[in-house]
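>>> pasting the sequence and the predicted coordinates here, then a few questions.
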Amino acid sequence: MDYHVRYGLEFNPFLKNSKEIIVKNHDYDEVIVRLDYLASTKGFGLLTGGPGKGKTTAIRSWANGLNPSLYKVVYTCLSTLTVQDFYRNLAYGLGTAPAYRKPENFRLIQEAIGQLSIEKRKTPVIIIDEANYASSAILNDLKIIFNFEMDSRDRAVVLLAGLPQLTTTLRLNIHEPLRQRIVMNYQMEGISKEEGRQYIAAKLQGAGCRQTVFEDNAVEAILNAADGTVRQISKLCNASLLIGDNRKADYITADIAMQAINECELG
């Protein structure tokens, strides 16, 4: 018997690669409102938060909701890209064949943005995830890349998302020109305990569960250990289900949850 079947689940909702169940909370709602504002005003936005706080999930949900006839979404993740890769990836995402040299890609990117915004009447939405890994070379060039008509007009949305140290980096004097262009800035702080309880319940319900899976004390232990981090809540719930099934337990007790917490902390 698959372990999720024991607990009345159609699938494991706590696994990253399972069917996505969006659970809204205060942070999520605040992010969506601010991203909607950014889409309407254009320009640069900054979204930060600790690992597992839900940045990428909120961004993906928001981007998926944009009208494709009005917006062209380009996503890039800086954790795996060199400066040259960044330019080539951005050019490709905007629908143009990348060149070999950076200056040529620079020109191609500006032309593609102009074509999208003016001829096709689409707003390019450039999402740069894990931007805390951005080199000074990339950050210094961003303002120039998206400078149109002598800096009098914004033709694109550029969202920088990453860990809180990104904010610290942007406070450096060398990045003052870019920082002045930021029109939206929000830091995700994580969810409350009550939102954590709602998160677990909504995940279970979304997976078709109609039975009690976690004891209240088990939920309390998981939430205390996760400290408001959504990704950690899912990790601990998943570990608890595996341990519970191995013990052939009908529901997750506090003892099972504590074993999951200990194993995850050692992992």
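That came through fine. What you are looking at is a predicted structure, and each value in this text was computed from that prediction instead of being measured.
>>> so which bits of stretch 196-206 are buried?
Going by neighbour count (16 or more other Cβ atoms under 10 Å), the buried part of stretch 196-206 is 196-197, 199-200, 202-204, 206. C-beta here means a position set from N, CA and C on the backbone, and glycine is covered the same way.
>>> show me what that stretch is in contact with.
9, 13-14, 19, 21, 23, 25, 191, 213-214, 219, 222-223, 226, 228, 230, 233-234, 237 (Cβ atoms under 8 Å, 6 or more residues apart in numbering).
>>> which residues touch residue 33?
Per Cβ under 8 Å, 6+ apart, neighbours of residue 33: none.
>>> quick one: secondary structure of it?
Classification of residue 33 by DSSP: H, G, I helix; E, B strand; the rest coil places it in helix.
>>> between the buried residues of stretch 196-206, which sits nearest residue 120?
Distances from residue 120 to the buried residues of stretch 196-206, taken as Cβ to Cβ, are shortest for residue 206 (36.8 Å).
>>> leaving out sequence neighbours, find the closest residue to residue 97.
Distances taken as Cβ to Cβ, 6 or more residues apart in numbering place residue 91 nearest to residue 97, at 7.5 Å, with adjacent residues excluded.
>>> with residue 218 instead?
residue 257 (3.9 Å).
>>> quick check: the gap between that neighbour and residue 204.
Separation of residue 257 from residue 204 (Cβ to Cβ, to the nearest Å): 15 Å.
>>> now residue 169: how far from residue 123?
27 Å.
>>> whoops, I mixed them up, residue 191
Residue 191 is 31 Å from residue 123, by Cβ to Cβ.
>>> bridging residues for residue 182?
Counting by DSSP bridges, residue 182 is bridged to residue 44.
>>> and the residue most central in space within the chain, its phi and psi?
Taking Cα atoms, centre = their mean, the centroid of the chain lies closest to residue 56, which sits 0.9 Å from it. With angles defined as degrees, to the nearest 10, residue 56 sits at phi -70, psi -40.
>>> all strands for the stretch 1-150 of the chain, in order.
Taking DSSP state E, counting those that start in this stretch as the criterion, the stretch 1-150 of the chain carries its strands at 43-49, 71-77, 123-129.
>>> excluding its own residues, what touches the second one? List them.
With Cβ under 8 Å, 6+ apart as the test, strand 71-77 has contacts from 39, 63, 66, 86, 89-90, 93-95, 116, 122-130, 157.
>>> equivalent analysis for the last one, please.
By Cβ under 8 Å, 6+ apart, the list of residues contacting strand 123-129 from outside reads 39, 42, 55-56, 59, 63, 66, 70-79, 90, 93-94, 112-113, 116-117, 134, 155-162.
>>> now, of those, which are buried?
With burial judged by 16+ other Cβ under 10 Å, the buried subset of the contacts of strand 123-129 is 39, 42, 55-56, 59, 63, 66, 71-78, 90, 93-94, 112-113, 116-117, 134, 155-162.
>>> buried sites along stretch 259-267?
Buried residues in stretch 259-267, counted by 16+ other Cβ under 10 Å: 259-261, 264.
>>> with only the CA atoms kept, save that stretch in PDB.
What follows is stretch 259-267 as a C-alpha-only set of coordinates in PDB (Å, rounded to 0.1, in the frame of the first residue of the first chain):
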ATOM      1  CA  GLN A 259      11.000  11.900  15.200                       C
ATOM      2  CA  ALA A 260      10.500  13.600  11.800                       C
ATOM      3  CA  ILE A 261      11.800  16.800  13.200                       C
ATOM      4  CA  ASN A 262      14.900  15.200  14.600                       C
ATOM      5  CA  GLU A 263      15.600  13.300  11.400                       C
ATOM      6  CA  CYS A 264      15.100  16.500   9.300                       C
ATOM      7  CA  GLU A 265      17.400  18.500  11.500                       C
ATOM      8  CA  LEU A 266      20.100  15.800  11.100                       C
ATOM      9  CA  GLY A 267      19.600  15.600   7.300                       C
END
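>>> and the closest residue to residue 130 other than its chain neighbours, what does it touch?
Closest residue to residue 130 apart from its sequence neighbours, by Cβ to Cβ, 6+ apart: residue 79 at 4.2 Å. By Cβ under 8 Å, 6+ apart, the contact set of residue 79 is 129-130, 133.
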